[in-house]
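> Structure here, sequence nowhere to be found:
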DNA sequence: ATAGATGATGAGAATCACTATCATTAATAG
DNA sequence: CTATTAATGATAGTGATTCTCATCATCTAT
C-alpha cells in the first residue's frame, strides 16, 4: 500500500508529471480496495473523501496506474469492466461463463512457460493476461 | 472454409434458427479473411457483395459465430477491436505494446498446463485467452 | 513568497463499440 | 400458397471511455 504510492510517485517524477491531490486521493482509495472494482464504484468511494472529483480524472488516474503496472483492467465479457490493484504477485483468472464466478490463481509453471515462449520470438515481456473460460464445479 | 460453413449450418439447425442469405454472405466473407478484421472493415467487404447489409446484422452474425466457436473477438487495448476466424487450431498472441505488432503462436505445453490448472479448481474449460504483452525484437 | 508557465482537473460533449427497438422482409411449416 | 414468426436494416439508445476547454493548482525560477 505504502509501497504502491511510492512506486506511483516515482513514476510521476520519472515522467515529469505533477503531484496532484486528486490523483493521490484516487490512488489511495483504489489501493485499499480488495476486489475487482468498477470505475463507477471507485468514483463513489472517492467522492466520500472528495466530492468534487470527476469521472474523467478517475479514468486518467487508472490509466496512469496501468502504465506503471499498479492497476490492471479486467474485461471478462460478463457485462462489467473492472479494475484491480496490481502488485508483483501476478495472478490469472478462471471465469465461469454460467454463474460468473471468478477464481484467481497463480501458476509458477505458467510464468516460466511464458518466458520461454517470449524468448523464442525475441520478445521482452512486460505483462500478460491469461483467462480460462468454462464452467465451475457447481455449474458443470 | 467449407467445414466452417457446415459447422455454422449445423449450429443453426441445432438452435432451430433459419438459414438466411445475409448471414451466409457475412460468414463466407469473414471466413475468407486472413487477419484480424474490424467490424467496420468486414461490413465494407460484405457490402461489395450485398450493399444492403447493415451493421447490426454483421454484429449479430459475429455473435452467432462466436457462440459456435467459429469467431473470436480480440481486444488487445490497441484502440481497435478485431475479430478473427477461429478453428480448432487454437492459438494465442504476443503483442508489442510499442509498435503494435501481433505474433500468433501455439504452444502444446500451454494447452496442457491449462487443463491441469482447470482440473485443480474443478473447472470444465470451454475456451481460453492468453495474451503476452511486451516489446518485440525490433523495439527492445 | 511570488509570479508565470503549464500540467491537471471537472463538466459535459463527443466517440466508439455494441445492443435494443421496430417496422418490413423473407424463410419455413403445413 | 399462405400463415407464422425469425431475420433484417435503419436508427435510436447505451455504456464505457476519451476529448475539449475553461479554470485551477503545482512547480520553477526568481
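Perfect, thanks for sending it. Small disclaimer: the values here were computed from a predicted structure and weren't measured.
> So, low pLDDT: which residues of chain A?
Across chain A, the ranges flagged by pLDDT under 70 are A:88-89.
> Please identify the residues of it in proximity to DNA strand C?
A:12, A:17-18, A:20, A:22-23, A:50, A:52-57, A:60-61 (Cβ under 7 Å from any atom of the strand). The C-beta positions use only the backbone N, C-alpha and C, and glycine is treated the same way.
> 10 Å instead, please
Neighbours of DNA strand C within chain A, by Cβ under 10 Å from any atom of the strand: A:12, A:15-27, A:43, A:46-47, A:50-61, A:64, A:77, A:79.
> quick one: the strands in chain A?
When secondary structure is read from DSSP state E, chain A shows strands at A:71-75, A:81-85, A:92-96, A:102-105, A:124-135.
> quick one, which of those is nearest to chain B?
Chain B sits nearest to strand A:124-135 of all these, at 4.0 Å, using Cβ to the nearest Cβ.
> In the sheet, which strands lie alongside that closest one, parallel or antiparallel?
Taking DSSP bridges as the criterion, strand A:124-135 forms sheet pairs with strand A:92-96 (parallel), strand B:124-135 (antiparallel).
> In the last one, which residues are buried?
Translated: strand B:124-135. Residues B:125, B:128, B:129, B:130, B:131, B:132, B:133, B:134, B:135 are the ones in strand B:124-135 that count as buried (16 or more other Cβ atoms under 10 Å in any protein chain shown).
> roughly how far is it from the heart of the chain?
13 Å (Cα atoms, centre = their mean, to the nearest Å).
> Let me know whether that strand sits next to DNA strand D.
No - Strand B:124-135 stays clear of DNA strand D (Cβ under 10 Å from any atom of the strand), getting no nearer than 15.7 Å.
> ok, and what's touching that strand?
A:97, A:114, A:117-118, A:123-135, A:140, B:69, B:76, B:90, B:92-98, B:110, B:114-115, B:118, B:140 (Cβ atoms under 8 Å, 6 or more residues apart in numbering or on different chains).
> Filter the residues of chain A next to DNA strand C down to the buried ones.
For the residues of chain A next to DNA strand C, buried by 16+ other Cβ under 10 Å: A:12, A:22-23, A:25-27, A:43, A:46, A:53, A:57-58, A:61, A:64.
> hmm, stretch A:37-48 in reach of DNA strand D?
Yes - shown here: stretch A:37-48 in contact with DNA strand D (Cβ under 10 Å from any atom of the strand) through A:38, A:39, A:40, A:42, A:43.
> Just give me how far that stretch sits from the chain centre.
15 Å.
> and of the strands of chain A, who's closest to residue A:33?
strand A:81-85 (6.5 Å; Cβ to Cβ).
> Residue A:53 and residue A:62, how far apart?
13 Å (Cβ to Cβ, to the nearest Å).
> Up against DNA strand D, what does chain A have?
Within chain A, the positions near DNA strand D by Cβ under 10 Å from any atom of the strand are A:9, A:12-13, A:16-24, A:38-40, A:42-43, A:52, A:54-60, A:62-63, A:66, A:73-75, A:79-83.
> 6 Å instead?
Taking Cβ under 6 Å from any atom of the strand as the contact definition, chain A meets DNA strand D at A:18, A:19, A:20, A:21, A:39, A:55, A:56, A:59, A:63, A:80, A:81.
> which residue sits closest to the first one, ignoring its sequence neighbours?
So that's residue A:18. Closest residue to residue A:18 apart from its sequence neighbours, by Cβ to Cβ, 6 or more residues apart in numbering or on different chains: residue A:12 at 7.4 Å.
> In CSV, list the strands paired with strand A:124-135 along with distance to residue A:105.
Formatted as CSV, the strands paired with strand A:124-135 follow (distance: least, Cβ to Cβ, whole Å):
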stretch, distance to residue A:105
strand A:92-96, 6
strand B:124-135, 13
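> re earlier: and the buried ones among the residues of chain A next to DNA strand C, which two are the farthest apart?
A:12 and A:43 (21.2 Å).
> Residue A:137 touches residue B:123, doesn't it?
Yes - the pair residue A:137 / residue B:123 is scored as a contact, 7.3 Å apart, by Cβ atoms under 8 Å.
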